[in-house]
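*Asks:* Prediction below, plus the sequence it came from.
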Amino acid sequence: MSARPFACAAIAGIALAASIGDTTRALVALPPLAIALFGAACATLALRLFSARTSATMAAAAVAAIALLPGSLPVGHVLTRAAGHEGSADLFRLLDDVDAAPQRVLGTRASVSGTWMPAQPPRAATVSRRIMACCAADAVDVGLDVLPAPSVRAGSGQTVCVSGVVSARIIGGELRYALVRALVRERPCR
Amino acid sequence: MLVYAVSIALAAGPFVLVGALVATCAVRLPAKSWPAAIALAALCPGCDCSMNGFVDALRHCPPPLAGAALMWGAACNPAALLATLSVLGPRALLARAVGGAVAATTVALLWSMLRGAHKWHAAARACAMHADLTERVERALRSLLPAAAIASVALVSVPEPLRTHLSPTVAAIAGALISPCSTADPVLARVLCSTPAAQAAFIVAAQCADVRQIFLLARSYGTCRAALAMIGGAAGCVAAAMIGYLS
């Protein structure tokens, strides 16, 4: 059986194009160099059976990737739940503490760094961090609601430091943790 | 939706390539070395994605054993077990191991009952024996792309708030459709599923009854065996969920 390497060629073009700039970091957890090497390997395999169609497929896929793939992905639905993610980030540590012993943490003041998302009614403003174990398809944004939504100059996607009192509330049957009486600074927490 | 599909393909691609490279070397070994291929598939597959490239190395293996090895290797490879222990704890690890074992055993039993149980899907066997690395990678990627498309449709279609209220049954369906990497499913299970039973069902379904696995098995072993493998995967999910209920 002989299969024309169109999938090889297409993914080679996409991988090589994505490894330029920030697209790879937005889409996969692997480093850009690994994606670039993978793209080069697929290109080598595809071009072993050199044909004009193979080259054209690769080029077209690369152009489409550059045009259509984003350099960053917006924050989605933020889950206020511990992810068991090992990391030194203050946000993850706070969520782990709340998950393990909520009564000890609720009502205390805490400061966390993360990505700011302004309020979009009915959603509250949030501060979150993205966990991507493999690729964008399994990426989740975990963080806290920020209440009440203070008037801040920070734009969507900006890194901020939010200080507030940890509280809990039920929204649509979902337990959500929040920082209330919050103060937002447009820089990471020190 | 395009972004999700491309991200799945880019993340899985390097592992598919490595699996195909290993398979290209393994097929040069004598036919009597098939137990080594079974052991490699079951114990050191690297990642469930690499199975797409590695499956050709199992061409000399009895299909029931190969099916069991593919099921176990996808769900219970060392990296997946470590990630599960780290994120979800020892009870979830036990549930994953029990679910993977039940799925693998069920697949082996069901496949052994088929007529011509010890024959490879004829067309796939011919391809496996004569393919070079390029053809192997091409077939593996073509098998991966429909699964990536289905997963991206599922991710876009399910309303976000619904994802936080998953019962074990719905969690299993979600895991099967999203088909995350075996090292990523513990994290997803923890944030999407509230109960141990739902978490266990999600992680086993994500590897044993997922669209990626089904496309792989259908390509290599035929539609009938792939359908039976789904039954095995479902049995694994039930077993894992029961362990979750008991914890």
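*Replies:* Here it is on my side, so go on. Numbers count the residues shown, from 1 in each chain, chains lettered A, B, ... in the order given.
*Asks:* wouldn't A:L79 be in contact with B:V191 here?
*Replies:* Yes. With contact defined as Cβ atoms under 8 Å, A:L79 reaches B:V191; the gap is 4.9 Å. For glycine as for every other residue, the C-beta is placed from the backbone atoms N, C-alpha and C.
*Asks:* Overlap of the contact sets of the two?
*Replies:* Shared contacts of A:L79 and B:V191, defined by Cβ atoms under 8 Å, 6 or more residues apart in numbering or on different chains, are found at A:140, A:142.
*Asks:* what helix or strand is the residue sitting nearest the centre point of chain A on?
*Replies:* Among the residues of chain A, the one closest to the centroid is A:R130, at 4.0 Å (Cα atoms, centre = their mean). For A:R130, the element it lies in under DSSP states H and E is strand A:125-131.
*Asks:* can you tell me which residues contact the residue nearest to the centre of chain A?
*Replies:* Contacts of A:R130 (Cβ under 8 Å, 6+ apart): A:75, A:115, A:139-141.
*Asks:* Against B:L109, how distant is it?
*Replies:* A:R130 is 42 Å from B:L109, where distance means Cβ to Cβ, to the nearest Å.
*Asks:* is it true that B:A240 lies in a strand?
*Replies:* No. With DSSP: H, G, I helix; E, B strand; the rest coil as the criterion, B:A240 is located in helix rather than a strand.
*Asks:* I figured it was touching B:L93, is that so?
*Replies:* No. Using Cβ under 8 Å, B:A240 is not in contact with B:L93, being 10.8 Å away.
*Asks:* between those two, who's got more neighbours?
*Replies:* B:A240 (34 against 23; other Cβ atoms under 10 Å in any protein chain shown).
*Asks:* Setting aside sequence neighbours, what's the nearest residue to that one?
*Replies:* B:G99 (3.0 Å; Cβ to Cβ, 6 or more residues apart in numbering or on different chains).
*Asks:* List the buried residues of the host helix or strand of the one you found.
*Replies:* Applying DSSP H and E as the criterion places B:G99 in helix B:90-112. Going by neighbour count (16 or more other Cβ atoms under 10 Å in any protein chain shown), the buried part of helix B:90-112 is B:91-108, B:110-111.
*Asks:* for stretch A:23-35, same thing?
*Replies:* In stretch A:23-35, counting by 16+ other Cβ under 10 Å, buried: A:23-30, A:32, A:34-35.
*Asks:* Quickly name whichever of these is closest to B:S7.
*Replies:* Nearest to B:S7, judged by Cβ to Cβ, of the buried residues of stretch A:23-35 is A:L27 at 4.1 Å.
*Asks:* tell me the contacts of the closest one?
*Replies:* Neighbours of A:L27 in contact, by Cβ under 8 Å, 6+ apart: A:18, A:69, A:73, A:135-136, B:3, B:6-7, B:10-11.
*Asks:* Now tabulate these in a markdown table and tack on distance to B:A174.
*Replies:* As requested, these are arranged in a markdown table below (distance: Cβ to Cβ, whole Å):
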| residue | distance to B:A174 |
| --- | --- |
| A:A18 | 27 |
| A:L69 | 25 |
| A:L73 | 20 |
| A:C135 | 17 |
| A:A136 | 17 |
| B:V3 | 19 |
| B:V6 | 21 |
| B:S7 | 18 |
| B:L10 | 22 |
| B:A11 | 19 |
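*Asks:* And those residues, which of them are buried?
*Replies:* Among these, those scoring as buried are A:18, A:69, A:73, A:135-136, B:3, B:6-7, B:10-11 (criterion: 16+ other Cβ under 10 Å).
*Asks:* Low-confidence bits of chain A, can you list those?
*Replies:* A:1-4, A:49-50, A:85-88, A:149-150 (pLDDT under 70).
*Asks:* Tell me which residues are up against stretch A:166-175.
*Replies:* With Cβ under 8 Å, 6+ apart, stretch A:166-175 has contacts from A:80, A:94, A:98, A:102, A:105-110, A:144, A:147, A:176-180, B:161, B:164-165.
*Asks:* and A:L33, what does it touch?
*Replies:* A:S19.
*Asks:* Inside helices: which ones of the contacts of A:L27?
*Replies:* With helices taken from DSSP state H, the overlap with those comprises A:18, B:3, B:6-7, B:10-11.
*Asks:* Is it possible to get TSV of those that adds distance to B:D132?
*Replies:* Formatted as TSV, those follow (distance: Cβ to Cβ, whole Å):
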residue	distance to B:D132
A:A18	27
B:V3	32
B:V6	26
B:S7	28
B:L10	24
B:A11	25
